[in-house]
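Colleague: mind folding the following:
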Amino acid sequence: MNWKLTTGKLRDAWLAYPSQRRAYRSVPAGKPILLTGTHRSGTTWLAKMLAASGIWYVHEPFFPGKGRWPRSFEFRESGTPDVAVDALFTDVLGGGFRQALNLPNADHPLMPLRLIPPMVPRMLVKDPIACLLSEYLTRRFDLQTLILFRHPAGFAASVCRLGWPRGAFLRQFLADEPLMAAHLEPYRALLERYAGEDTLASATVLHGALSCVLWRWVEEGVGTPVVFEELCADPIMRLRSVYETLHLPYDEDIADAHRTACFGSARAVGDYHPHSVNRNSLAMARSWTTQLDDAELAGVRGIWDTFGIPLYCSDADWDRKGYLLSPVTGQAA
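Modeller: Numbers count the residues shown, from 1 in each chain. Now for the predicted structure:
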């Protein structure tokens with residue numbers, strides 16, 4: 001960025017600061033919100049839909065690329081305090097770690113939201129990389145947590161298209177004795193079988209391993225489950241419902257922002273940036289139907305069924321030509 005452009009952006013940021021400060025402080029007070037789930041499950045998209053409320057939005061503070069946390073998908077047991085986890089998350093909730101802000105006029109260290117952030121009554125922290133910390137963070141910091149679930153074929157196709165790692169994470173899980181003992185020991189043989197490869201099968205095993213841990217926590221009352229495909233099928237009604245669950249105000253301006261973000265033209269999935277949020281939501285949810293052939297789809301389903309998670313269980317959920325059905329009820333979403 002050249003100095004003239006930088007100077008102009010800084011000037012605009014300082015001019016906009018008073019109104020931004022008022023907007024962030026006007027959001028009704030409430031518990032901090034943690035939005036998590038597996039990566040490639042739509043958490044970035046949903047976070048942007050929630051950010052339309054004006055809430056203070058922190059993006060992936062546990063992502064190693066931000067320099068404060070060493071490794072993705074770390075697991076901690078909620079009954080054992082962890083000094084490092086507590087220090088980072090306490091800093092986030094206290095308005096620190098401003099490099100992780102995902103707000104307009106916050107992408108330069110000299111912008112006012114980075115230098116003098118206002119006291120905010122409500123905060124959204126989106127972090128799928130910290131999904132295995134969900135129980136720990138929720139219980140220890142009294143968070144209102146949303147856990148997003150996505151069709152395993154959608155996850156696996158997306159991760160393979162992007163060339164993101166799979167086997168390395170399975171090896172990491174196998175070496176994590178507390179995680180294996182608490183959650184994944186029944187699936188040890190499956191993880192070992194696919195830990196040496198980056199394939200569609202290993203992507204499905206990765207998704208299943210993460211999802212079975214998250215679903216167990218849902219069953220234990222840690223977090224509210226949200227199903228990506230149900231959101232995409234009827235985004236305005238479903239998003240309004242999520243807002244109500246979180247006690248966030250929902251008005252026509254927010255609804256308009258959601259319509260703009262959710263009803264764009266349907267394009268090939270490869271034409272989108274990996275973190276794009278302005279998409280045709282229905283096409284986004286069904287992208288896997290054109291990316292995997294019948295044999296690949298059958299392989300993904302066979303592995304997914306091994307985990308016994310009560311989502312995406314019916315034949316209709318795997319019918320590439322059918323209606324978009326609810327993975328919970330099997331009815332039209």
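
Colleague: now the strands: where do they sit in the stretch 51-200 of the chain?
Modeller: Under the criterion DSSP state E, counting those that start in this stretch, the stretch 51-200 of the chain contains strands at 56-59, 123-126, 144-149.

Colleague: now these in JSON lines, with mean pLDDT?
Modeller: JSON lines is the format used below for these (pLDDT from 0 to 100):
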{"stretch": "strand 56-59", "mean pLDDT": "95"}
{"stretch": "strand 123-126", "mean pLDDT": "97"}
{"stretch": "strand 144-149", "mean pLDDT": "98"}
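
Colleague: pretty sure Leu124 is touching His59, no?
Modeller: No. Using Cβ atoms under 8 Å, Leu124 is not in contact with His59, being 9.2 Å away. All C-beta atoms are positioned from the backbone trio N, CA, C, and that covers glycine.

Colleague: need the overlap of contacts for the two.
Modeller: Listed contacts common to Leu124 and His59 are Ala47; contacts here mean Cβ atoms under 8 Å, 6 or more residues apart in numbering.

Colleague: and the residue nearest the centre of this protein?
Modeller: Thr43 (2.6 Å; Cα atoms, centre = their mean).

Colleague: give me the distance from the helix or strand where Tyr243 lies to the chain's centre.
Modeller: Taking DSSP states H and E as the definition, Tyr243 sits inside helix 235-246. Average the C-alpha atoms of helix 235-246, do the same for its chain, and the two points are 16 Å apart (Cα atoms, centre = their mean, to the nearest Å).

Colleague: now for Gly302: which residues touch it?
Modeller: By Cβ under 8 Å, 6+ apart, the contact set of Gly302 is empty.

Colleague: that's a helix at it, yeah?
Modeller: Yes. Assessed with DSSP: H, G, I helix; E, B strand; the rest coil, Gly302 lies in a helix.

Colleague: that one and Met123, how far apart?
Modeller: The gap separating Gly302 from Met123 is 41 Å, by Cβ to Cβ, to the nearest Å.

Colleague: just Val85 next, same as before
Modeller: To Met123, Val85 is 17 Å away according to Cβ to Cβ.
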